[in-house]
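[1] structure here, sequence nowhere to be found:
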Ligand code: HEC
Ligand code: HEC
């Protein structure tokens, strides 16, 4: 049999192996399998030098990853972040410190709010090689306080490892404005109560609330005036209202504000920055956290 024939036969066998492999570890291995080309060097005596396809042995997937296989940048990653942040981002980095290949089969975050960005799996890491992938925890879902724990389970053919992520929230620092600014700002709002949504006013009064909901939105867009220590006397304390409140009350005020006062209309329909979902989230948050102190008249 000529070398050429041998190559053809081996290529055929390889193709068969590829198909078997695809069935074994799913379509992820497909790319690896089809790229395995027979090395057609007809003028040497060498037997076909096809790089062997790495077939992960998945029987250890459910065991803890033993020490001495992958070294990690950190098994408990800690970040401090302002409580209105929309996401916390981490980098999971590792080095294969063993003498054999390690295949990362799966990366599974502890909740739907956490996502890992990965190359195609299985991700075969050569001995001595390093890799990393970003993990991001979406914090837009609700306002946060205190500490939040998440985890990411990395499953390899040598066992799995749990990486823990700790997010500590810091209260947002209120912007500070000078007395001169305050006077100027109040004068501008008196002329047009929607002025806070325009120009450089928006940096403090709109941008911090963009894409936010519930508590995070309240902290950014409402607390700036209503919870400010230095606020003007015309800005009421929402925790000590002398009128009965209910979801309709909150919706009315957020949507329309009050013409002729400094309280703007926040709905997009009236030129404000908040869409219906954001308003609904505020109404829910305010109804729950600031219950009516005055009984409603029967
Ligand atoms: C630019 C400062 C400012 C911002 C920002 C602001 N408010 Fe106001 N708000 C006021 C002022 C001033 C009043 C008083 C209006 C008046 O003269 O009756 C007021 C009144 C109110 C009232 C009526 C209270 C009462 O006395 O019955 C509610 C409710 C309210 N605001 C909720 C909100 C919410 C919720 C947000 C966030 C979406 C918000 N406000 C953002 C300044 C602000
Ligand atoms: C650097 C951030 C920042 C910018 C820019 C800003 N504000 Fe404010 N604004 C605040 C803070 C903080 C408060 C809270 C009350 C305080 O400190 O006086 C506030 C409060 C207000 C109030 C309520 C009155 C009061 O002092 O309690 C009005 C009205 C207002 N701003 C209008 C405006 C207008 C109009 C603009 C744009 C010309 C503007 N602001 C730009 C931060 C800002």
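    Yep, it's here. Fair warning: this is a prediction, and the values are worked out from it, not measured in the lab. Ligands and ions are numbered 1, 2, ... in the order given.
[2] those helices in the stretch 151-298 of the chain, which residues are they?
    All helices of the stretch 151-298 of the chain, identified by DSSP state H, counting those that start in this stretch, fall at 179-191, 201-205, 214-217, 223-226, 247-256, 276-289.
[3] among those helices, which is nearest residue 157?
    Of all the helices of the stretch 151-298 of the chain, helix 214-217 sits nearest to residue 157, with 41.0 Å by C-beta to C-beta. In short, each C-beta sits where N, CA and C put it, glycine included.
[4] same for the closest one, what does it pack against?
    helix 276-289 (3 or more C-beta pairs under 8 Å, 6 or more residues apart in numbering; DSSP states H and E).
[5] which residues does the helix it packs on contact?
    For helix 276-289, contacts defined as C-beta atoms under 8 Å, 6 or more residues apart in numbering pick out 143, 209, 212-215, 217-218, 222, 238, 245-247, 250-251, 254-255, 266-267, 274.
[6] at 7 Å what do you get?
    Applying C-beta atoms under 7 Å, 6 or more residues apart in numbering, the contact partners of helix 276-289 are 213-215, 217-218, 247, 250-251, 254-255, 266-267.
[7] need the residues you listed in JSON lines with neighbour count, can you?
    Shown next, in JSON lines, are the contacts of helix 276-289 (neighbours: other C-beta atoms under 10 Å):
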{"residue": "213", "neighbour count": "21"}
{"residue": "214", "neighbour count": "21"}
{"residue": "215", "neighbour count": "21"}
{"residue": "217", "neighbour count": "27"}
{"residue": "218", "neighbour count": "25"}
{"residue": "247", "neighbour count": "13"}
{"residue": "250", "neighbour count": "19"}
{"residue": "251", "neighbour count": "18"}
{"residue": "254", "neighbour count": "25"}
{"residue": "255", "neighbour count": "19"}
{"residue": "266", "neighbour count": "27"}
{"residue": "267", "neighbour count": "19"}
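[8] ligand 1 next: which of those are close?
    254, 266 (C-beta under 6 Å from any ligand atom).
[9] of the helices of the stretch 151-298 of the chain, which is nearest residue 87?
    Evaluated over the helices of the stretch 151-298 of the chain, closeness to residue 87 peaks at helix 214-217, with 11.9 Å, by C-beta to C-beta.
[10] how does the protein divide into domains?
    3-55, 70-170, 179-289 (automatic domain parsing).
[11] among those, which is nearest residue 61?
    domain 70-170 (5.4 Å).
[12] most packed of the helices of the stretch 151-298 of the chain?
    helix 214-217 (a mean of 24; mean count of other C-beta atoms under 10 Å).
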